[in-house]
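Visitor: Below are the sequence and a predicted model for it; my questions follow.
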Amino acid sequence: MPTRSGKDACDLLDADHKAVKKMFKDYEDLTGSRARSAAQKKMELAHQICQELSVHAQIEEEIFYPALREVLKETDLLNEATVEHQGVKDLVAQIQGMAKADEMFDAKVKVLGEYVDHHVKEEKGDIFPKARAARKLDLVGLREQLEMRKEELMSQIGAVA
């Protein structure tokens, strides 16, 4: 049951979505820059996006989706979300494996952003409402689990949660 302060698992995941969306916007702004430093900034930002998405997908797959599978009758959306995560992971691996920010790098980051936008719309429009309607699901407790696991994963990769 979500609290009035909006501190449930869906809110946490949505905050991640908003943070990454802003990073994609910042990346897009850099693609128009001719400054020498822009290429390096794009690489750094793309790697930060990749880290955030990797951790986000992992906490959803380890904690959020299994909890939903226990209480929802229809799990088709969760299956689709898991497949979408794999597409994101494949692009993340390609981006992280590239040595410089060339035209293909920009294209891959752009497509990654499009994948993420699609995924976020489905979560926000379909999965989160079903999660909030599930009476047997403690979304506040789930948020705490997600936060702890996220902090753990971010510290393992040397990032700040």
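Guide: In hand now; what should we look at?

Visitor: where in this structure is pLDDT low?
Guide: 1-6, 159-161 (pLDDT under 70).

Visitor: quick one, helices of it?
Guide: 9-31, 36-59, 65-71, 76-96, 103-122, 128-133, 139-156 (DSSP state H).

Visitor: In a markdown table: these, plus mean neighbour count.
Guide: In this view, the C-beta of every residue, glycine as well, is placed from N, C-alpha and C. Shown next, in a markdown table, are those (neighbours: other Cβ atoms under 10 Å):
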| stretch | mean neighbour count |
| --- | --- |
| helix 9-31 | 17 |
| helix 36-59 | 18 |
| helix 65-71 | 16 |
| helix 76-96 | 16 |
| helix 103-122 | 16 |
| helix 128-133 | 16 |
| helix 139-156 | 16 |
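
Visitor: Mind listing residues that contact stretch 94-101?
Guide: Where contact means Cβ atoms under 8 Å, 6 or more residues apart in numbering, the residues beyond stretch 94-101 that reach it are 39-40, 42-43, 46-47, 50, 104-105, 108-109, 112.

Visitor: for stretch 110-129, same thing?
Guide: Contacts to stretch 110-129, defined as Cβ under 8 Å, 6+ apart, come from residues 10, 13-14, 17, 20-21, 24, 27-28, 49, 53, 68, 77-78, 80-81, 84-85, 87-88, 91-92, 95.

Visitor: same thing with stretch 133-147?
Guide: 1-3, 7-13, 59, 63-64, 67-68, 70-72, 131-132, 161.

Visitor: again, but for stretch 66-79
Guide: Outside stretch 66-79, the residues that touch it by Cβ under 8 Å, 6+ apart are 65, 122, 126-127, 130-131, 134, 136-137, 142.

Visitor: Over to that stretch now: how far is its first residue from its last?
Guide: Using Cα to Cα, to the nearest Å, one end of stretch 66-79 lies 11 Å from the other.

Visitor: on that earlier part again, taking the contacts of stretch 66-79, tell me the two that lie furthest apart.
Guide: Using Cβ to Cβ, these span at most 22.4 Å, a distance reached by Glu122 and Lys136.
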